[in-house]
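S.K.: this is a predicted model, with the sequence first.
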Amino acid sequence: MAGHSKWAQIKHKKARVDAQRGKIFNKLIREITVAARMGGGDPEFNPRLRLAIERAKEHNMPWENIEKAIKRGTGELEGVKYESVTYEGYAPGGVALLIKALTDNKNRTVSEVRHVLSKHGGNLAGAGSVMWQFQEKGVIYLEKEGLDEDEVLEAAIEAGAEDVKVQADTYEVWTDPKEFYSVKQAFEQKGFKIAQAELTLIPQNTVPLDKKDAEKVLKLIEALEELDDVQAVYANFDVPEEVLQALASTS
């Protein structure tokens with residue numbers, strides 16, 4: 001699973017740097033706005049909004065920006081109406097892609113997505129051709145340093161997590177999406193330092209890539225993520241961790 005879990009953490013750390021340049025704020029504001037519109041403006045009763053606010057704070061977004069985005073979502077302030085769209089496609093090497101976007105113009109967004117895919121050797125696929133290969137999961141990442149494996153396992157079982165995967169420098173706690181917030185809260189209450197937590201899509205099978213194809217696929221994914229409307233890209237590639245680290249250092 002190096003393709004998913006390790007690259008997710010590399011992107012997370014990169015996003016912290018990007019946030020300093022304001023690149024990620026627009027995406028976070030869209031997510032907050034849509035979450036507030038769909039589930040109300042109180043994060044105590046809107047888990048999606050709560051997670052979006054946590055991410056925004058993590059990237060040092062000013063509270064004023066967060067508050068305005070919530071008010072746009074609830075209709076207290078005027079703003080653009082975004083809708084969620086998901087595109088399915090393939091990258092070089094037969095890697096399956098799910099591309100989630102929030103847009104106010106679906107024609108523009110699909111055109112931009114198609115252009116990026118074509119430019120980098122990928123293509124759009126028909127509805128349903130890729131979605132079945134992914135399953136929604138909650139994943140909580142804990143830094144391994146200073147943590148005892150048995151302690152993590154015990155806490156995970158007690159909280160109702162599905163599984164714990166031990167990686168090179170992290171513990172990955174996997175949960176059912178419905179239990180994600182309660183498990184996360186249980187770890188926080190026990191004093192565990194959470195490096196990252198997200199609701200994500202996990203591939204049911206993976207496509208192994210060599211370094212050459214991995215470079216092509218990661219360039220495609222990064223180009224898609226640079227699009228303003230694209231919120232997240234999920235893929236089922238599997239690449240050795242050392243290759244991912246080497247490619248990340250040159251991106």
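M.R.: Sure thing, it's come through.
S.K.: got the domain boundaries for the protein?
M.R.: In the domain annotation for the chain, the residue ranges read 2-74, 83-132+205-250, 133-203 (automatic domain parsing).
S.K.: among the ones you listed, where is the model least confident on average?
M.R.: Between the domains of the chain, the lowest average pLDDT goes to domain 2-74, which shows a mean of 83.
S.K.: how far off centre is that domain?
M.R.: Its chain's C-alpha centre and that of domain 2-74 lie 11 Å apart, by CA atoms, centre = their mean, to the nearest Å.
S.K.: all strands for the stretch 1-150 of the chain, in order.
M.R.: Per DSSP state E, counting those that start in this stretch, the stretch 1-150 of the chain has strands spanning 83-91, 95-103, 123-124, 134-143. These are given in chain order.
S.K.: among the ones you listed, show me which one is buried the most.
M.R.: Of all those, strand 95-103 carries the top mean neighbour count, a mean of 23, counting by mean count of other CB atoms under 10 Å. Every C-beta, even on glycine, is put in place using the N, C-alpha and C of the backbone.
S.K.: tell me the strands beside that strand, with direction?
M.R.: Here strand 95-103 has these sheet partners by DSSP bridges: strand 83-91 (antiparallel), strand 230-235 (antiparallel).
S.K.: angle of it against strand 134-143?
M.R.: 90 degrees (axes from the mean of the first three to the mean of the last three CA atoms, to 10 degrees).
S.K.: on that earlier part again, as TSV, the strands of the stretch 1-150 of the chain with distance to Phe192 would be great.
M.R.: What follows is the strands of the stretch 1-150 of the chain, written out as TSV (distance: least, CB to CB, whole Å):
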stretch	distance to Phe192
strand 83-91	32
strand 95-103	28
strand 123-124	41
strand 134-143	6
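S.K.: and the strands paired with strand 95-103: which comes nearest Glu112?
M.R.: Across the strands paired with strand 95-103, Glu112 has its closest neighbour in strand 230-235 (8.4 Å, CB to CB).
S.K.: each with direction, which strands does the next helix or strand after the closest one pair with?
M.R.: Past strand 230-235, further along toward the C-terminus, the next helix or strand under DSSP states H and E is strand 237-238. Strand 237-238 has the following strand partners under DSSP bridges: strand 207-208 (parallel).
S.K.: what is the helix or strand following the strand it pairs with packed up against?
M.R.: Taking DSSP H and E as the definition, the helix or strand that follows strand 207-208 towards the C-terminus is helix 211-226. Using 3 or more CB pairs under 8 Å, 6 or more residues apart in numbering; DSSP states H and E, the elements in contact with helix 211-226 are strand 83-91, strand 95-103, helix 106-119, strand 230-235, helix 241-250.
S.K.: could you dump those to a markdown table with distance to Ile32?
M.R.: Compiled in a markdown table, the helices and strands packed on helix 211-226 are given as follows (distance: least, CB to CB, whole Å):
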| stretch | distance to Ile32 |
| --- | --- |
| strand 83-91 | 14 |
| strand 95-103 | 11 |
| helix 106-119 | 19 |
| strand 230-235 | 12 |
| helix 241-250 | 28 |
